[in-house]
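This is the structure alone, sequence omitted:
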C-alpha cells in the first residue's frame, strides 16, 4: 500500500523534540527576509524610503595585545562620515553613507547597496581608560582599539585538612 516516508512534515517515530518544527519555521523565515533591508535590525518596522533606510554594518570584536579591537566594514565611506565615541560604558559608532544621485535609465535592473545612517554600540568592560582609545580608518575598514583593564590576580589559599576530633562519649 501507501507508506509514509519521514520528511519535513512527517515526524519520525520515537523522536520527541518539541522545538524541531519551530526551528525549521524560524530558519525558513530568516531565509525569506534576508534580502529585505527594511527587516534588518535595528530598522525592523521602520518602513521608510530607500534614501533613509537605516543599515547596520558588520563588525568583528576581538582581543589583541591586551586591547579590545572592534573592526567595522564601511565600504565606500570616508573617515569624515564616521563618528567614534566612548560613552556610558559603550563604544558608540555612527555615521551616514550618502547615496549618489540615482540613475534612472533603462539599463538599471536592481539596486542592492544600502544607504543611510547607522549606529552600532559595543559594550566595554569596567575600568577602561577612555584617554587611550585609538581609531584608524583605511580601505573602508574602521578599527577601534580600547585598552583592557588589568585583571585582578586570582588569590589562591591552601586550606589545611584536619583530622576529625574523636567524639567524646558522655558517661551515663
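Perfect, thanks for sending it. From a predicted model like this one, the values you see are computed outputs, not experimental measurements.

I'd assumed residue 149 was in contact with residue 67.
No: counting by C-beta atoms under 8 Å, residue 67 sits too far from residue 149 to count as a contact (11.0 Å). Quick note: C-beta positions are derived from backbone N, CA and C, even for glycine.

my guess is residue 71 is in a strand, correct?
Yes: under DSSP: H, G, I helix; E, B strand; the rest coil, residue 71 falls within a strand.

hey, what's it bridged with?
Beta-bridge pairing for residue 71 (DSSP bridges): residue 60, residue 143.

Distance of it relative to residue 96?
Going from residue 71 to residue 96 by C-beta to C-beta, to the nearest Å gives 20 Å.

try residue 25
Taking C-beta to C-beta, one finds residue 25 at 36 Å from residue 96.

Could you do residue 58 as well?
17 Å.

for residue 147, same thing?
As defined by C-beta to C-beta, residue 147 lies at a distance of 29 Å from residue 96.

Those two: who's more crowded?
Between residue 147 and residue 96, counting by other C-beta atoms under 10 Å, residue 147 is the more crowded of the two (17 against 14).

For burial, what's the neighbour tally of the nearest residue to the more buried one once chain neighbours are set aside?
Nearest residue to residue 147, sequence neighbours excluded (C-beta to C-beta, 6 or more residues apart in numbering): residue 132, at 4.8 Å. Neighbours of residue 132 under the rule other C-beta under 10 Å: 10.

okay, residue 132: pLDDT?
You'll see residue 132 listed with a pLDDT of 89.

Then residue 138?
94.

neighbours around it, how many?
Neighbour tally, residue 138, other C-beta under 10 Å: 8.

repeat for the one 4 residues further on
Residue neighbour count, defined by other C-beta under 10 Å, stands at 21 for residue 142.

do the one 10 residues further on as well
Using other C-beta under 10 Å, the number of residues around residue 152 comes to 6.

Now it: phi and psi?
With angles defined as degrees, to the nearest 10, residue 152 sits at phi -70, psi 130.
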